[in-house]
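K.L.:
I'd like to go over a predicted model; first the sequence, then the structure.
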Amino acid sequence: MTNSTIKLMQSNIKKYRIQKGLTQEKLSELCGISCDYLSEIERGKRTPSLKRFLLIAKALDILPQKFFEENNDG
């Protein structure tokens with residue numbers, strides 16, 4: 001994956017979390033990851049493993065490929 005693809009995925013995680021009305025704390029609970037780790041993902045400081053990425057997608061009820069679309073509306 002290119003850096004721009006990773007950045008797009010990270011920003012879309014935040015976008016979908018907000019669209020679903022979830023706080024970082026609530027989403028992190030649903031995924032079984034720490035709130036700090038989720039925050040670092042959304043800020044581009046960390047890239048989630050495939051396993052954690054799929055947990056986030058499932059918790060947000062989003063098809064994983066949606067995180068890689070530039071002009072997505074949900």
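P.N.:
Arrived safely. Residues are numbered from 1 along each chain as shown.

K.L.:
separation between residue 21 and residue 60?
P.N.:
Distance of residue 21 to residue 60, computed by C-beta to C-beta, to the nearest Å: 11 Å. Placement of C-beta: from N, CA and C, glycine included.

K.L.:
what does residue 16 give?
P.N.:
Plainly put, residue 16 is 5 Å away from residue 60 if you go by C-beta to C-beta.

K.L.:
Pick out whichever of residue 21 and residue 60 has more residues nearby.
P.N.:
Neighbours were counted for residue 21 and for residue 60 using other C-beta atoms under 10 Å; residue 60 has more, 23 against 7.

K.L.:
And the pLDDT at that one?
P.N.:
pLDDT, residue 60: 97.

K.L.:
Looks like it contacts residue 17 (just checking).
P.N.:
Yes: Residue 60 lies in contact with residue 17 (C-beta atoms under 8 Å); the separation is 6.5 Å.

K.L.:
quick one: common contacting residues for the two?
P.N.:
The contact sets of residue 60 and residue 17 overlap at residue 27 (C-beta atoms under 8 Å, 6 or more residues apart in numbering).

K.L.:
Give me the pLDDT for residue 73.
P.N.:
54.

K.L.:
before we move on, what about residue 70?
P.N.:
Looking at residue 70, its pLDDT reads 87.

K.L.:
check contacts around it.
P.N.:
With C-beta under 8 Å, 6+ apart, residue 70 has these contacts: residue 8.

K.L.:
Quickly note the distance from it to residue 60.
P.N.:
Distance from residue 70 to residue 60, counting by C-beta to C-beta: 18 Å.

K.L.:
how about the residue nearest the centre of the chain, what does it touch?
P.N.:
By C-alpha atoms, centre = their mean, the mean C-alpha position of the chain lies nearest to residue 13, the distance being 2.7 Å. By C-beta under 8 Å, 6+ apart, the contact list for residue 13 reads 41, 42, 56, 60, 67.

K.L.:
Not counting its neighbours along the chain, what's nearest the second one?
P.N.:
The spatially closest residue to residue 42, leaving aside those adjacent along the chain, is residue 14, at 4.3 Å (C-beta to C-beta, 6 or more residues apart in numbering).
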